[in-house]
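K.L.:
Sequence and predicted model, in that order:
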Amino acid sequence: MYEAVISGLRTLNQLLTAGIAITAFSLLLYALTFNLRDRVARTFAMIMVCVVIVFVGDAIGSSSATPADREFWLRMQWFGLAFLPATYLHFSDAILATTGRPSRGRRRRAVRFMYLVSLGFLLTLPLSLLVGPLVENLQPAPHLQRTWLTWIFSAYYALVIIWALYNILRAYRRTVTRTSRRRMGYLLVGSLAPALGSYPYLLFGSSVAFASPLFFWVAATFSNLVVSFLLIVMAYAVAFFGVPWPDRVVKRRLFKWLMRGPVTASTVLAITTIVRRSDAFTAPESAAIVPIIMVATILIMEYTITLAAPVWERWLFHGGDRDDIELLQKLDERLLTSGDLHQFLESMLAAVCDLMQASTGFVAAFDQQGLETIVVIGNDSPLEKEDLSEEILEQVSENGVEGRLFSWGDFLLVPLYQKREEASDLLGLIGITRDAGYTIDDEQSELLLILAQRAALALEDRRLQQQVFSSLQALTPEVEMIQSLRAAARYSSSGSLAQVLTQPVMPMEEDKLSQWVKDALTHYWGGPKLTESPLLKLRVVQRAMNEHDGNPTNALRAILRQAIEQTRPEGERRFTAEWILYNILELKFVEGRKVREVALRLAMSEADLYRKQRVAIEAVANAILDMEEQATLEKV
């Protein structure tokens, strides 16, 4: 019984170790995907790289069959473990800078020095100086021998981690709002997980663990459970750095990422491992069942997450805004798009043509440009040949009655009117060809009226939706500004909060920024796209005005020039492949040469030049974005 408990705890601990590695890798991908531009997220990603290396080495090393394999993977752990203190200090420096205490040089130099120290420790690993060979007695788990340098590294590890945690504590004290303090508290507590859970304590406690294996495995299992939980807490706190999205979006996106990533992967791994080690599946003929169970588990997990996602989003993330969010979600599901409108009106027109035994028909709608044909059956619509809006409007005003036909050339027309409250505006027309002598009975007239009313209802709803979209487009810049200011003030200190909230804010999406940069470069030596550019609101441009006698145009031109120079390779200018981006920017925008002339000079086609020009402009936009981020940190 005792051995069975020990074996069960060992298996559970191996699964938890692999689960931590999966979770850390998933959180690394999350940071690289959603907020890589933020310095806090980048340094968090570096911590996750170290954690992945440590726990992958631990998971594989603990289950390896040969001593050589065990020793190899346990040594691989130290590639992550050696750099973990330096990445922690780097992370804490980024946290402090975010709360308004950027490094004045000392912390930056200290971080670089710690990376060098970590590299120095790592270089001693192949010489068996940092850790010794594999311990022959592997109870209760595989581990390496400690050396005199292990003591020095352990002291270095502890001191740097404590220093980093102190920096995060300083950042916690600098936060002002209740929400930011709560999340900074989550970050302070969650950051303990990688630091305390990654260190191989068997280097020093193997004798105690050997004396009481049950206590060791219980403690190791509990430790891994805590590390898993705190790792997610830390990722939750980091997810809000550097993103302008509402909190509910950040929470929903992270939760869904965790459920579809580490939760699903860890569940599949656990069930597969248990099945393989079960006595019922040890027979060779049972080997084919394991992949089936693995696939079934993946499908069941994805099915369950898909069904449960609307429920947990509604109860966990929407809060008091639940009714508004549900309304928007229903709008997305019931939105009448242009394709939907075209499909519906096509069905309506086909029914009208079948009812009236007509071979040709069309549906047209009135908009600001006049009468536009939406759907045609049979030959081309006569409205496509010339603008007949005025003529048709006169005919409708003279003859048009709702739901009734009137003649117009070779066509019979049915006017479609808006019917909402007391308004009765003309929305569009249904037109069908007529045959000489054809008469309409009462039943056909009634059905035609119903079809026309439903076509008019579709056009009316589409017009109302377009009005809603126009209002949303008008509100979008203001909403983006508010969200950006709210995000910028998340972790600001009391001394800088007012300064942050009064700074001019502009949306910094990459596509918009690239377009603004392209426009400004087009009028590099003067023009409205430069003098009226949204880039003039950037902090880096505002700061550069002091060096250009308060002239914003010259300041922006200088920033563009500085960004272009960042694309310049080292050495003398050449016309080789590595210089292609810089040469395009220099020849096309700074020197103002024509496209054909630049293409000939660089020995490329004009199409290839435009492709490379797009890449060059994106490089300039990224350089400006980095300068703006640095200016923001220095301003705060």
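P.N.:
Yep, it's here.
K.L.:
do you know how far Ala577 is from Ala616?
P.N.:
Ala577 sits 13 Å away from Ala616, going by CB to CB, to the nearest Å. The way it works is simple: take the backbone N, C-alpha and C, and place the C-beta from them, glycine included.
K.L.:
neighbour-wise, which of these two wins?
P.N.:
Neighbours were counted for Ala577 and for Ala616 using other CB atoms under 10 Å; Ala616 has more, 25 against 7.
K.L.:
so the more buried one is in which element?
P.N.:
Secondary structure from DSSP states H and E places Ala616 in helix 606-635.
K.L.:
and what of Leu307?
P.N.:
Using DSSP H and E, the element containing Leu307 is helix 289-312.
K.L.:
which residues sit in contact with His342?
P.N.:
Counting by CB atoms under 8 Å, 6 or more residues apart in numbering, His342 makes contact with 374-375.
K.L.:
host element of it?
P.N.:
His342 belongs to helix 338-356, assigned by DSSP H and E.
K.L.:
If you count neighbours, what's buried in whichever strand or helix holds Leu159?
P.N.:
In the assignment (DSSP H and E), Leu159 maps to helix 148-174. For helix 148-174, the buried set under the neighbour-count rule, 16 or more other CB atoms under 10 Å, comprises 149-150, 153, 156-157, 160-161, 163-165, 167-168, 171-172, 174.
K.L.:
same check, this time on stretch 57-66
P.N.:
57-64.
K.L.:
Met48 and Ser198: what is the separation?
P.N.:
Distance, Met48 to Ser198, by CB to CB: 11 Å.
K.L.:
When these two are compared, which one has more neighbours?
P.N.:
Met48 (27 against 22).
K.L.:
residue contacts, the nearest residue to that one once chain neighbours are set aside?
P.N.:
Spatial nearest neighbour of Met48, excluding adjacent residues (CB to CB, 6 or more residues apart in numbering): Leu28 at 3.8 Å. Contacts of Leu28 were listed using CB under 8 Å, 6+ apart, and they are 45, 48-49, 52.
K.L.:
closest to Val249 among those?
P.N.:
Checking the contacts of Leu28 against Val249 with CB to CB, the nearest one is Ala45 at 20.3 Å.
K.L.:
Grab the nearest non-local neighbour of that closest one.
P.N.:
Closest to Ala45 by CB to CB, 6+ apart is Ala31, at 4.2 Å.
K.L.:
ok, back up a step: turn the buried residues of stretch 57-66 into TSV, including distance to Gly132, secondary structure and pLDDT.
P.N.:
Formatted as TSV, the buried residues of stretch 57-66 follow (distance: CB to CB, whole Å; DSSP: H, G, I helix; E, B strand; the rest coil; pLDDT from 0 to 100):
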residue	distance to Gly132	secondary structure	pLDDT
Gly57	16	helix	87
Asp58	18	helix	84
Ala59	22	helix	84
Ile60	20	helix	85
Gly61	15	helix	81
Ser62	18	helix	77
Ser63	22	helix	77
Ser64	18	coil	77
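K.L.:
how about the strands of this protein, start to end?
P.N.:
For the chain, applying DSSP state E gives strands covering 131-134, 144-146, 361-367, 370-377, 406-408, 411-417, 426-433.
K.L.:
Among these, show the one with the smallest mean pLDDT.
P.N.:
Ranked by mean pLDDT, those bottom out at strand 406-408, with a mean of 70.
K.L.:
That one - contacts with which helices or strands?
P.N.:
helix 389-399, strand 411-417 (3 or more CB pairs under 8 Å, 6 or more residues apart in numbering; DSSP states H and E).
K.L.:
What pairs with it, parallel or antiparallel?
P.N.:
Here strand 406-408 is paired, per DSSP bridges, with strand 411-417 (antiparallel).
K.L.:
Specify the angle between the partner strand and strand 426-433 in degrees.
P.N.:
Interaxial angle, strand 411-417 versus strand 426-433 (axes from the mean of the first three to the mean of the last three CA atoms, to 10 degrees): 160 degrees.
K.L.:
And strand 411-417, how far out from the chain middle?
P.N.:
Relative to its chain's centre, strand 411-417 lies at 49 Å (CA atoms, centre = their mean, to the nearest Å).
K.L.:
now stretch 548-561
P.N.:
Relative to its chain's centre, stretch 548-561 lies at 33 Å (CA atoms, centre = their mean).
K.L.:
What residues sit buried inside that stretch?
P.N.:
Going by neighbour count (16+ other CB under 10 Å), the buried part of stretch 548-561 is 552-553, 555-560.
K.L.:
mind putting those residues in a markdown table, pLDDT and distance to Leu125 included?
P.N.:
Output for the buried residues of stretch 548-561, formatted as a markdown table (pLDDT from 0 to 100; distance: CB to CB, whole Å):
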| residue | pLDDT | distance to Leu125 |
| --- | --- | --- |
| Pro552 | 84 | 55 |
| Thr553 | 85 | 56 |
| Ala555 | 87 | 51 |
| Leu556 | 87 | 51 |
| Arg557 | 88 | 52 |
| Ala558 | 87 | 48 |
| Ile559 | 88 | 45 |
| Leu560 | 88 | 47 |
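K.L.:
Report the two of the residues you listed separated the most.
P.N.:
Largest pairwise distance in the buried residues of stretch 548-561, by CB to CB, is 12.5 Å, between Pro552 and Leu560.
K.L.:
Stretch 65-75: which residues count as buried?
P.N.:
In stretch 65-75, counting by 16+ other CB under 10 Å, buried: 70-71, 73-75.
K.L.:
so how many other residues sit close to Ile6?
P.N.:
Applying other CB under 10 Å, we find 16 residues neighbouring Ile6.
K.L.:
again, but for Val233
P.N.:
For Val233, the neighbour count with other CB under 10 Å is 20.
K.L.:
before we move on, back to that, adding distance to Leu225 and pLDDT, write the buried residues of stretch 65-75 out as CSV.
P.N.:
Output for these, formatted as CSV (distance: CB to CB, whole Å; pLDDT from 0 to 100):
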residue, distance to Leu225, pLDDT
Arg70, 24, 82
Glu71, 28, 84
Trp73, 23, 86
Leu74, 22, 85
Arg75, 27, 88
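K.L.:
from those, which is closest to Glu460?
P.N.:
Closest to Glu460, out of all of the buried residues of stretch 65-75 and judged by CB to CB, is Trp73, at 68.1 Å.
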